[in-house]
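A.B. asks: Here is my input, please return the structure:
(chains A and B)
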Amino acid sequence: MKPRVRFAPSPTGYLHIGGARTALFNWLYARHHGGTFVLRIEDTDQERSTPESLQAILDGLTWLGIDWDEGPGKDGPYPPYTQMKKLGRYTELAEQLIADGKAYRDYTTEDELTQQRKDFATARGLPPDADLRKAGFKFKSPWRDKVEKQDRPFVVRFKMPELEGSFGFDDLVLGRLEKPYDDLDDFVLLRSDGVPLYNFGCVVDDHDMHITHVGRGQEHINSTFPQLMLYRAFGWSPPVFAHIPLILGQDKEKLSKRRHPEADVMMHKKNGILPHALVNFIARLGWSHGNDETFTRAQLIELFDFKDVGSSNGVWNPEKLIAINQHWIRNGDPAELARALVPYLHEAGVPEATADERLTRAVKAFSTRVKTLVEMAQALKPYYARGVTIDGAAAAKHLDPAGKEMLKKARALLERTAEWTAANLDPIVDQLAAETGAKKGAIAQPIRVAVTGGTTSPGIGDTLELLGRAETLHRIDAALGH
RNA sequence: GGCCCCAUCGUCUAGAGGCCCAGGACGCUGGCCUUUCAAGCCGGUAACGCGGGUUCGAAUCCCGCUGGGGUCACCA
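C.D. replies: Below you'll find the predicted structure:
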């Protein structure tokens, strides 16, 4: 049987890096097994859900190259894929549970609940601001065993069976996980406005959508138990669970949107990280395959399995992300990189940049010299300009009288170069070195400073080819004071 | 605090009883190469949290401790 997996984000903000990894692992699992990857929108938190967030999440996934087979914009056999569009289904199932005596209508009001908390605090001699959860407060509804229906607001609560012992499940990454029955209480299924809460909506949808494997963050371990009870109450068989470790910030705290800007997937796009580099990095955070560090997308799909996901949390490591990004800039397809680079060049103030053959050559020349697309755009920008401003220190060091003298000789040779290619241009340095007995540095550096304005650039041949004959001679003349 | 999960270099990790006085990667660092800067190549730095067991033998199994994380809503 082909697996059906899902990613079920809540559209309450941008795509979080932890969510992206959860999506990635599920997606890889589906692609590896030729299964189906479902994208489901859990928008039952009406306070916080926004259309903009939904779009941001879709954009984030798309940027990362994680495509879904069913979900927003993709019809599938088990619609709708948005929870607020199937409210009737939840109500129907809640009614069914009530009829079966497995859930009940709880008419407890806000005031009554507050009173119960107060009484609890007083009985324990606790201060009014004490955290009652820590003190072990457990809500007991007086409606648990009543069946009458009243004409006022109510929530539907699950009637947790009073059973001895414990129950559990076999997690794909953590192994056997168990919990005593009496740890659970009568959790809410449906709010008073009829909207389902997470545990209920999640179970109903995973069942309705025939989900076979649920890969999600370890913060959901505890909610798996009430969910399991729901499966049991409905007589449904639960999916296989895989709880993947959390990603921590550099301060070792859980990666949060508020405290960690790197939690935003799209921030990395802005920083010039390649989508595949981020995918590669994120995959290696928690998952491994021997000593391998870099993987193509095809390799990830071929090698991924939940059983190779580790069980301990991982700390975000920006240096390694950069290193992997550099690796893919260096080893990726230059033409493809050129296309990815164009928007960054536009951003850098080079509106005329297009993914042409010249840009591809430029990408090749700089691929070992920059770590991000932002750096690449910055590095390339001067090559698109007319003329260049020469750095004072560089000029003082390399464009002294001797340097200028050498530059003149170089210019003469350059002018006579038939075909303006790196292969033809590079030997000029050697030729001059042989003729004058000067060191290559005494020849190449004055040229480099004259045409780039600074002391560093790719090889002279590549640099000059990129600049073109006219611009090279123009800049040399300017440096010579003509 | 209750419950749950976790524990190898600073970080990501390999390691499924002897192959490990622990390997790779990033970082940091010495050198080589070199027309600059990179890249590349060769080297160095640095870890099995602690204490008990089990075993001829433990990073690997068991227990305790400690530490870290998660979770306890009419959020997800």
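A.B. asks: buried ones in stretch A:95-109?
C.D. replies: By neighbour count, and taking 16 or more other Cβ atoms under 10 Å as the criterion, the buried residues in stretch A:95-109 are A:97, A:98, A:102, A:103, A:104, A:105, A:106, A:107, A:108. All C-beta spots, glycine's among them, are computed from the backbone N, C-alpha and C.
A.B. asks: swap in stretch A:127-146?
C.D. replies: Within stretch A:127-146, the residues scored as buried using 16+ other Cβ under 10 Å are A:132, A:137, A:139, A:141, A:143.
A.B. asks: Then stretch A:284-303?
C.D. replies: A:284, A:285, A:286, A:287, A:289, A:295, A:300, A:301, A:303.
A.B. asks: okay, how far is it across it, tip to tip?
C.D. replies: The first and final residues of stretch A:284-303 sit 12 Å from each other (Cα to Cα, to the nearest Å).
A.B. asks: all helices of the stretch 51-200 of chain A, in order?
C.D. replies: With DSSP state H, counting those that start in this stretch, the ranges of helices along the stretch 51-200 of chain A come out as A:51-64, A:87-99, A:110-124, A:132-135, A:198-208.
A.B. asks: Equivalent analysis for the stretch 351-482 of chain A, please.
C.D. replies: Defined through DSSP H, counting those that start in this stretch, the helices belonging to the stretch 351-482 of chain A, from first to last, are A:357-366, A:373-380, A:392-398, A:401-415, A:422-425, A:427-436, A:440-452, A:460-467, A:469-480.
A.B. asks: mean pLDDT for the helices of the stretch 51-200 of chain A: which is lowest?
C.D. replies: Here the helices of the stretch 51-200 of chain A differ in mean pLDDT, and the lowest is helix A:132-135 at a mean of 81.
A.B. asks: list the helices and strands it packs on?
C.D. replies: Under the contact criterion of 3 or more Cβ pairs under 8 Å, 6 or more residues apart in numbering; DSSP states H and E, the helices and strands touching helix A:132-135 comprise helix A:110-124.
A.B. asks: The helix it packs on near RNA strand B anywhere?
C.D. replies: Yes - with Cβ under 7 Å from any atom of the strand as the criterion, RNA strand B is reached by helix A:110-124 at A:110, A:113.
A.B. asks: about what we covered before: nearest to residue A:266, of the helices of the stretch 351-482 of chain A?
C.D. replies: Across the helices of the stretch 351-482 of chain A, residue A:266 has its closest neighbour in helix A:373-380 (13.9 Å, Cβ to Cβ).
A.B. asks: Where does pLDDT dip in chain A?
C.D. replies: Scanning chain A with the threshold set as pLDDT under 70 gives A:482.
A.B. asks: distance of the single nearest residue of the stretch 101-250 of chain A relative to RNA strand B from residue A:13?
C.D. replies: Minimum separation of the stretch 101-250 of chain A from RNA strand B (Cβ to the nearest atom of the strand) falls at residue A:198, amounting to 3.0 Å. In this structure, residue A:198 and residue A:13 are 16 Å apart, going by Cβ to Cβ, to the nearest Å.
A.B. asks: one step back: dump the helices of the stretch 351-482 of chain A to JSON lines, plus mean neighbour count and distance to RNA strand B.
C.D. replies: Formatted as JSON lines, the entries for those read as follows, by neighbours: other Cβ atoms under 10 Å; distance: least, Cβ to the nearest atom of the strand, whole Å:
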{"stretch": "helix A:357-366", "mean neighbour count": "20", "distance to RNA strand B": "9"}
{"stretch": "helix A:373-380", "mean neighbour count": "21", "distance to RNA strand B": "10"}
{"stretch": "helix A:392-398", "mean neighbour count": "15", "distance to RNA strand B": "9"}
{"stretch": "helix A:401-415", "mean neighbour count": "16", "distance to RNA strand B": "11"}
{"stretch": "helix A:422-425", "mean neighbour count": "16", "distance to RNA strand B": "9"}
{"stretch": "helix A:427-436", "mean neighbour count": "15", "distance to RNA strand B": "5"}
{"stretch": "helix A:440-452", "mean neighbour count": "22", "distance to RNA strand B": "3"}
{"stretch": "helix A:460-467", "mean neighbour count": "22", "distance to RNA strand B": "4"}
{"stretch": "helix A:469-480", "mean neighbour count": "18", "distance to RNA strand B": "14"}
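A.B. asks: Now these in CSV, please, with extra columns for distance to residue A:217.
C.D. replies: Supplementary listing: the helices of the stretch 351-482 of chain A in CSV, determined by distance: least, Cβ to Cβ, whole Å:
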stretch, distance to residue A:217
helix A:357-366, 37
helix A:373-380, 29
helix A:392-398, 51
helix A:401-415, 60
helix A:422-425, 50
helix A:427-436, 57
helix A:440-452, 48
helix A:460-467, 46
helix A:469-480, 53
